[in-house]
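Enquirer: What follows is a predicted structure for the sequence shown.
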Amino acid sequence: MRLDKLLAQEKISRKAMKQALLKKEIFVDGHAARSLAQNVDTGLQELIFKDKKIQGYEHTYLMLHKPNGVVTASKDKKLPTVMDLLPQHLQSDQLYAIGRLDRDTTGLLLLTDNGPLGFQLLHPQYHVDKTYQVEVNGPLTPDHIQEFKDGIAFLDGTICKPAQLEILSSSPSLSQATITISEGKFHQVKKMFLSVGVKVTALKRTHFGPWSLDDNLQEGDYRYLNSQELAIIRDFLRKSG
Ligand code: URA
């Protein structure tokens with residue numbers, strides 16, 4: 001949550017916040033706050049305002065193994081959503097998925113009620129890599145590796161940033177690979193493979209930045225992020241401010 005929003009919830013006036021910021025009287029994990037817009041989670045970080053510890057608000061961070069057939073949305077008139085996979089007490093209006101997976105894409109989805117975090121992680125400035133396991137309906141060759149590295153061009157002329165393609169198996173009707181991209185264009189992976197003449201028949205996200213899909217998490221299941229995964233968020237909050 002933004003620092004100013006959090007302090008406002010503690011009934012601290014805007015004027016008092018600004019003064020305290022200027023006088024370096026606000027500390028986040030021992031560092032003077034840089035801005036009132038900075039993203040803070042008092043569940044992960046210690047917040048001190050004028051020598052007083054602020055309890056604030058502890059955000060929720062979940063990992064979900066998204067199954068096929070479920071849409072990445074909070075509500076849908078016809079289709080089941082990722083929110084429907086969560087128990088009632090977690091289904092809040094504030095909780096949302098960080099990034100979208102297509103209905104037929106499976107794999108790692110992070111969910112949080114820390115609004116600014118998702119925005120930051122999806123922002124091109126932070127270059128968060130995403131890795132997918134892919135199956136396609138045609139052959140893949142070393143030339144494709146180079147094409148992905150050079151930047152795939154879509155039919156409309158859009159050029160993608162370099163992507164790493166690793167071919168795991170190749171045959172005329174079915175190939176398997178992993179691909180790592182640093183952007184999040186609409187249907188990006190499917191469109192990249194279509195641009196080189198093959199169709200994606202299965203897509204699973206295994207990594208989102210430094211977070212990996214837990215092998216023990218069955219499709220459709222979720223869990224809270226563990227302490228190591230939360231430490232990555234704490235680190236990110238500290239660096240991104
Ligand atoms: N790229 C796609 O084409 N689909 C997804 O769901 C994710 C990345």
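Expert: Okay, I see it.
Enquirer: contacts and neighbour counts: CA atoms only from here.
Expert: Fine.
Enquirer: Pull up the pairing partners for whichever strand in the chain runs longest, direction included.
Expert: In the chain, assigned by DSSP state E, the strand with the most residues is strand 200-208. Using DSSP bridges, the strands paired with strand 200-208 are strand 106-112 (parallel), strand 130-136 (antiparallel), strand 211-212 (antiparallel).
Enquirer: Make JSON lines out of these and add mean pLDDT.
Expert: Listed next are the strands paired with strand 200-208 as JSON lines, based on pLDDT from 0 to 100:
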{"stretch": "strand 106-112", "mean pLDDT": "97"}
{"stretch": "strand 130-136", "mean pLDDT": "98"}
{"stretch": "strand 211-212", "mean pLDDT": "98"}
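Enquirer: Show me what A32 is bridged to.
Expert: If you apply DSSP bridges, the partners that A32 bridges to are F27.
Enquirer: Which residue is the nearest non-sequential neighbour of the residue nearest to the spatial centre of the chain?
Expert: The chain has I98 as the residue nearest its centroid, 4.0 Å off, counting by CA atoms, centre = their mean. Nearest residue to I98 in three dimensions, chain neighbours excluded: G118, at 5.0 Å (CA to CA, 6 or more residues apart in numbering).
Enquirer: what does N68 give?
Expert: Using CA to CA, 6+ apart, the closest residue to N68 is D104 (4.6 Å).
Enquirer: what about that neighbour, how many neighbours?
Expert: Number of residues near D104 (other CA atoms under 10 Å) recorded here: 15.
Enquirer: for S240, same thing?
Expert: Residues near S240, counting by other CA under 10 Å: 13.
Enquirer: how much space between it and F154?
Expert: Separation of S240 from F154 (CA to CA, to the nearest Å): 32 Å.
Enquirer: likewise T131?
Expert: 20 Å.
Enquirer: ok, now P210?
Expert: Taking CA to CA, one finds P210 at 28 Å from F154.
Enquirer: can I see the domain layout of the protein?
Expert: 3-54, 61-124+210-240, 129-208 (automatic domain parsing).
Enquirer: Would you mind listing what in the chain touches the ligand?
Expert: 101-102, 105, 187-190 (CA under 6 Å from any ligand atom).
Enquirer: Now that we have those residues, which of them are buried?
Expert: Neighbour counting by 16 or more other CA atoms under 10 Å classes 101, 105, 189-190 among the residues of the chain next to the ligand as buried.
Enquirer: could I get these as CSV with pLDDT and secondary structure?
Expert: Formatted as CSV, those follow (pLDDT from 0 to 100; DSSP: H, G, I helix; E, B strand; the rest coil):
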residue, pLDDT, secondary structure
L101, 97, coil
T105, 98, coil
V189, 98, helix
K190, 97, helix
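Enquirer: pull the helix or strand with minimum mean pLDDT from the chain.
Expert: helix 115-122 (a mean of 88; mean pLDDT, DSSP states H and E).
Enquirer: Run the angle between it and strand 106-112 for me.
Expert: Angle, helix 115-122 to strand 106-112, by axes from the mean of the first three to the mean of the last three CA atoms, to 10 degrees: 140 degrees.
Enquirer: quick one: contacts of helix 115-122?
Expert: Residues outside helix 115-122 that contact it (CA atoms under 8 Å, 6 or more residues apart in numbering) are 1-2, 39, 94, 97-99, 112, 126, 128, 184.
Enquirer: So what's the gap between the lengthiest helix in the chain and the chain middle?
Expert: Ranked by number of residues, the top helix in the chain under DSSP state H is helix 227-240. Offset of helix 227-240 from its chain centre (CA atoms, centre = their mean, to the nearest Å): 13 Å.
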